[in-house]
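1. fold the following and give me the result.
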Amino acid sequence: KFEDGLMFGDYRLPTEAEFEYACRAGTTTRFSFGNDTDYTQLGDYAWYQDNSANTTHPVGQKKPNPFGLYDIHGNVWEWCRDWYQDPYSGGSVANPVGPPVGVSRVFRGGGADYIPAYCRSAFRNNVSPTRRDEFIGFRVILSPIQP
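-> Below you'll find the model as predicted:
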């Protein structure tokens, strides 16, 4: 498929860096909508332990981030393509590259079953990719093919 001179390839999970970029939506704050250190605005954007009744909700009931993405903070944790390593591998925090193999994969975004601090743009966690859980989901991206 071609769009604006780019050819697009496969749908895939985002890397950890791609997820954080999409979550931050051009900001450098704790959340895409600001620092919100006392979590008074978080409920406008996310489902989390304090407002979810410990269940997930249909997408789009909260406000989107500045990129127009809904539920990027909270609701379900989102799988990333990267294998987990702590600290980040590759020596870069701007665009870390995960190890080529591993035991657990990164998931991001916070979930309806956890505390507000876990919905932060930078929060990361990991679990075995064989884990099934009602609070873990995914969002796919369409990757461009480099000419």
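
2. helices of the protein, residue ranges please.
-> 16-24 (DSSP state H).

3. worst-scoring helix or strand of it, pLDDT-wise?
-> strand 2-3 (a mean of 50; mean pLDDT, DSSP states H and E).

4. show me where pLDDT drops low in this protein?
-> 1-8, 88-95, 146-147 (pLDDT under 70).

5. hmm, 50 instead?
-> Along the chain, the parts satisfying pLDDT under 50 run over 1-2.

6. need the strands for it, in chain order.
-> 2-3, 6-12, 77-83, 105-108, 124-127, 136-137, 141-145 (DSSP state E).

7. and these: which comes nearest P99?
-> Closest to P99 of the strands of the chain is strand 77-83 (C-beta to C-beta; 5.0 Å). All C-beta atoms are positioned from the backbone trio N, CA, C, and that covers glycine.

8. just to revisit the earlier point, could you identify which of the strands of the chain is most buried?
-> Neighbour counts (mean count of other C-beta atoms under 10 Å) averaged over each of the strands of the chain peak at strand 105-108, with a mean of 25.
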